[in-house]
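*Asks:* coords please:
(one chain, ligands or ions: 2)
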Amino acid sequence: MQKVTVLGAGSWGTALSIVLADHNHEVRLWTHRKEQAEEINNKRQNERYLKNITIPENIIAYDDMKASLEDTDVLVFVVPTKAVREVANQVKECLNHQVTLIHAAKGIEPDSLKRVSEMLVEELPEHLYRDIVVLSGPSHAEEVSLRQPTTVTVSSKNIEEAEKAQDLFMNEKFRVYTNPDIVGVEIGGALKNIIALGAGISDGLGYGDNAKAALITRGLAEITRLGVKMGANPLTFAGLTGIGDLIVTCTSQHSRNWRAGNMLGKGNSLNEVLDQMGMVVEGVRTTKAAYQLSLEYQVDMPITHGLYKVLFEQKQPKDVVDQLMTRVKRHEMEDLSSMLGDSKTL
Ligand SMILES: NC(=O)C1=CN([C@@H]2O[C@H](COP(=O)(O)OP(=O)(O)OC[C@H]3O[C@@H](n4cnc5c(N)ncnc54)[C@H](OP(=O)(O)O)[C@@H]3O)[C@@H](O)[C@H]2O)C=CC1
Ligand SMILES: O=C(CO)COP(=O)(O)O
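*Replies:* Ligands and ions are numbered 1, 2, ... in the order given. Purely as a prediction, here's the structure:
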């Protein structure tokens with residue numbers, strides 16, 4: 001049994017706390033809102049983020065960061081990407097011993113173009129942790145909290161740290177793989193949210209399964225092109241944190257990114273959509289970051305550029321789809337073939 005502090009009591013922080021509690025760890029779930037800590041501790045509910053789920057007794061919610069970190073063995077960051085630096089700074093003020101450091105956020109920071117693990121390295125002093133571990137993969141909180149079968153990947157430059165995280169979370173309903181390719185794992189997890197917004201828009205416009213399959217596969221192609229330029233292993237994108245997470249996010253109504261896209265496709269403005277969601281839609285900021293990355297690395301990312309026009313330049317989704325469909329003709333494996341080695345079949 002280990003003492004684990006989970007930072008962020010939204011849907012994913014709460015669902016991961018349940019996985020850890022089922023494994024008999026002592027779980028401290030930190031929230032920045034006192035009334036939410038009271039709801040969890042007194043009613044065993046987190047109604048806004050996980051409806052009708054009973055929170056196990058061995059999860060204790062804290063709104064006092066210092067108390068939640070006392071003697072803890074493991075720290076799991078599960079706040080949205082835009083809150084990572086702020087929360088890391090609070091941790092820096094309160095933590096004075098070394099921990100195993102895991103994060104489960106899926107995003108890229110616009111302008112700095114940093115992945116979440118890079119932001120944590122910038123904010124936290126080195127002596128507070130060993131190597132950072134990323135947890136990612138196809139995993140809706142709603143299904144995880146119902147103990148439905150789920151698989152994820154943990155990734156770290158240090159295999160021992162990844163294996164520690166694997167042992168910490170793995171149970172008969174939550175299967176955890178390791179992968180040393182932290183760049184590929186973080187890029188896949190973050191950029192699938194852009195494609196999920198696109199899939200939602202496509203469904204909102206009334207397009208069918210053909211369009212969605214096209215978005216998923218051509219989305220994977222552009223994510224892979226960028227990821228490989230950034231140093232990722234192309235095979236990672238064929239795994240759980242690549243195609244796996246694309247499938248689950250683009251095809252499920254649990255996905256906030258899909259739902260936000262769906263409302264956009266039906267004619268709502270971005271502001272109206274974000275007002276109604278009440279939960280994080282990571283794909284919006286990540287679209288901006290990926291657009292900037294595609295310019296920096298000179299990678300062709302037509303779907304990301306199309307989404308950027310819809311979100312930030314008020315272009316009509318239908319016009320953007322028409323533009324995507326009438327681009328100059330291409331070879332399906334262009335660019336990818338050189339990345340995978342000069343195979344004669346490509
Ligand atoms: N939900 C899911 O199924 C999955 C989510 N993820 C990823 O996990 C990350 C977290 O997402 P998720 O839990 O779903 O998000 P939610 O929107 O469900 O919850 C976000 C939580 O973070 C809190 N928060 C926001 N800003 C701050 C801050 N500055 N300081 C402290 N707490 C803050 C919110 O508090 P408040 O209530 O006050 O707003 C809320 O408790 C995202 O990167 C997401 O992509 C990954 C896999 C699955
Ligand atoms: O990352 C997720 C599932 O793997 C959750 O996706 P959403 O943030 O779109 O709900």
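*Asks:* can you tell me which residue is spatially central in the chain?
*Replies:* Against the mean C-alpha coordinate of the chain, by Cα atoms, centre = their mean, the closest residue is residue 106 at 2.3 Å.
*Asks:* domain parsing of this protein, as residue ranges.
*Replies:* By the assignment in automatic domain parsing, the chain contains the domains 3-180, 183-339.
*Asks:* what about the first one, near ligand 2?
*Replies:* Yes. Legend: contact between domain 3-180 and ligand 2 by Cβ under 6 Å from any ligand atom is shown at 106, 138, 139, 140. Any C-beta I mention is one placed from the backbone N, CA and C, and that applies to glycine too.
*Asks:* how about these in TSV, adding pLDDT?
*Replies:* Putting the residues of domain 3-180 next to ligand 2 into TSV (pLDDT from 0 to 100) gives the following:
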residue	pLDDT
106	98
138	98
139	98
140	98
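*Asks:* among the residues you listed, who's most crowded?
*Replies:* Ranked by neighbour count (other Cβ atoms under 10 Å), the residues of domain 3-180 next to ligand 2 have residue 106 at the top, with 28 neighbours.
*Asks:* the closest residue to it other than its chain neighbours: neighbouring residues, count only.
*Replies:* Counting by Cβ to Cβ, 6 or more residues apart in numbering, residue 189 is the residue found nearest to residue 106 once chain neighbours are left out, at 4.1 Å. Other residues lying near residue 189 total 31 when counted by other Cβ under 10 Å.
*Asks:* tell me what the helix or strand containing residue 322 is packed against?
*Replies:* Using DSSP states H and E, residue 322 sits within helix 317-325. Judged by 3 or more Cβ pairs under 8 Å, 6 or more residues apart in numbering; DSSP states H and E, helix 317-325 is in contact with helix 182-205, helix 302-312.
*Asks:* dump those helices to CSV, plus mean pLDDT.
*Replies:* Below are the helices and strands packed on helix 317-325 laid out as CSV (pLDDT from 0 to 100):
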stretch, mean pLDDT
helix 182-205, 97
helix 302-312, 97
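*Asks:* rebuild those helices as a markdown table, extending it with distance to residue 118.
*Replies:* Formatted as a markdown table, the helices and strands packed on helix 317-325 follow (distance: least, Cβ to Cβ, whole Å):
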| stretch | distance to residue 118 |
| --- | --- |
| helix 182-205 | 9 |
| helix 302-312 | 20 |
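*Asks:* JSON lines please, covering the ones you listed and showing distance to ligand 2.
*Replies:* Shown next, in JSON lines, are the helices and strands packed on helix 317-325 (distance: least, Cβ to the nearest ligand atom, whole Å):
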{"stretch": "helix 182-205", "distance to ligand 2": "5"}
{"stretch": "helix 302-312", "distance to ligand 2": "14"}
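*Asks:* deepest of those, which one?
*Replies:* helix 182-205 (a mean of 28; mean count of other Cβ atoms under 10 Å).
*Asks:* nearest to residue 290, out of the helices and strands packed on helix 317-325?
*Replies:* helix 302-312 (4.8 Å; Cβ to Cβ).
*Asks:* can I get that closest one in PDB, CA atoms only?
*Replies:* Taking C-alpha atoms only, helix 302-312 is exported to PDB below (Å, rounded to 0.1, in the frame of the first residue of the first chain):
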ATOM      1  CA  PRO A 302      -4.500  20.200 -43.000                       C
ATOM      2  CA  ILE A 303      -7.100  19.000 -40.500                       C
ATOM      3  CA  THR A 304      -5.400  20.900 -37.700                       C
ATOM      4  CA  HIS A 305      -5.300  24.000 -39.900                       C
ATOM      5  CA  GLY A 306      -9.000  23.500 -40.800                       C
ATOM      6  CA  LEU A 307      -9.900  23.300 -37.100                       C
ATOM      7  CA  TYR A 308      -7.800  26.400 -36.400                       C
ATOM      8  CA  LYS A 309      -9.800  28.300 -39.000                       C
ATOM      9  CA  VAL A 310     -13.100  27.200 -37.400                       C
ATOM     10  CA  LEU A 311     -12.100  27.900 -33.800                       C
ATOM     11  CA  PHE A 312     -10.100  31.100 -34.200                       C
END
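*Asks:* count the neighbours of residue 38 for me.
*Replies:* Neighbour count of residue 38, defined by other Cβ under 10 Å: 13.
*Asks:* list the contacts for it?
*Replies:* Each residue near residue 38 by Cβ atoms under 8 Å, 6 or more residues apart in numbering is listed here: residue 61.
*Asks:* do you know how far it is from ligand 2?
*Replies:* With distances taken as Cβ to the nearest ligand atom, to the nearest Å, residue 38 is found 26 Å from ligand 2.
*Asks:* that residue: which element?
*Replies:* Judged by DSSP H and E, residue 38 forms part of helix 34-38.
*Asks:* skipping its backbone neighbours, what lies nearest the residue of the chain found nearest ligand 1 in space?
*Replies:* Per Cβ to the nearest ligand atom, residue 10 is where the chain lies closest to ligand 1, at 1.7 Å. Distance criterion Cβ to Cβ, 6+ apart; nearest residue to residue 10, sequence neighbours excluded, is residue 49 at 5.1 Å.
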